[in-house]
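A.B. asks: Structure, please.
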Amino acid sequence: MIGKNLNMHKPEFQGYVDNHKYELTEAGVYFPKARAHLSGVYEHWITGCESDVRRDCNVIPYEGQNYILGVVFKGSPTATTAFYLGLHSGTGAEDAAVTAATYDATHSEIQAQSGDPGGYTSATRIVWASDALPSVISGLSELVNDTTPAEFTVSTTTTLVVNGAWMTTKSGRTDYSGYAISISKFSATRNLADTDVFNLKYTIDVDHV
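C.D. replies: The predicted model follows:
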């Protein structure tokens, strides 16, 4: 669990990384000796339709896994000060080999702010405003933007089709120079209308398996 395992047991996990005692899987990073798995999940809904909250698992690309391991246990690369969430219309399955540089070509990020098929009004991707890291004593096991979900205000003259989401280290909606931290293909298409507010939460966790 992030609060427990990566803080209280950081030296133990650092040893796993230093000795390459971990496995990179499509869903995340698996530490066999600790029987712990780093993974994530998206939750999303439309304001006014809170009864239709959907959950979709993600792929943490190898690029994102290496970034997390490097920052937490090696101090390199330099940790980013923020993470950002974006949306895509492409229907391709998640692929752990995708990088930030190849993400748009693979998944067709929604870059427009309005029009047909439209987009969302923010000039940048939406910041992932995660809640505070839980204390070891609390027993909580995750980081999530629960208090402040990302809100995408839709602007379209027809229908905006959303088939997935991603997390990256860059805010610019056409900036693919950062790292792809997470990618999800939704199990069902979201067809959004003009002025809809699409809410998105992302949870990242390390759990015993």
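A.B. asks: Could you look up the SS state of Val71?
C.D. replies: With DSSP: H, G, I helix; E, B strand; the rest coil as the basis, Val71 sits in helix.
A.B. asks: give the contact list for it.
C.D. replies: Shown in contact with Val71 (CB atoms under 8 Å, 6 or more residues apart in numbering): 77-79. Where you see a C-beta, it was placed from the backbone N, CA and C, and this is true even at glycine.
A.B. asks: from the residues you listed, which would you call buried?
C.D. replies: Buried by 16 or more other CB atoms under 10 Å: nothing, out of those.
A.B. asks: Return the subset of the residues you listed lying in helices.
C.D. replies: With helices taken from DSSP state H, there is no overlap with the contacts of Val71.
A.B. asks: Tell me where the model's unsure across this structure.
C.D. replies: 1-38, 73, 133-141, 206-209 (pLDDT under 70).
A.B. asks: can you map out the helices along it?
C.D. replies: 10-18, 62-69, 100-107.
A.B. asks: helices or strands next to the last one in the packing?
C.D. replies: Just to be clear, that refers to helix 100-107. Applying 3 or more CB pairs under 8 Å, 6 or more residues apart in numbering; DSSP states H and E, we find helix 100-107 packed against strand 160-168, strand 180-192.
A.B. asks: Now do that helix and strand 180-192, the angle between them.
C.D. replies: Note on geometry: by axes from the mean of the first three to the mean of the last three CA atoms, to 10 degrees, helix 100-107 and strand 180-192 are set 30 degrees apart in direction.
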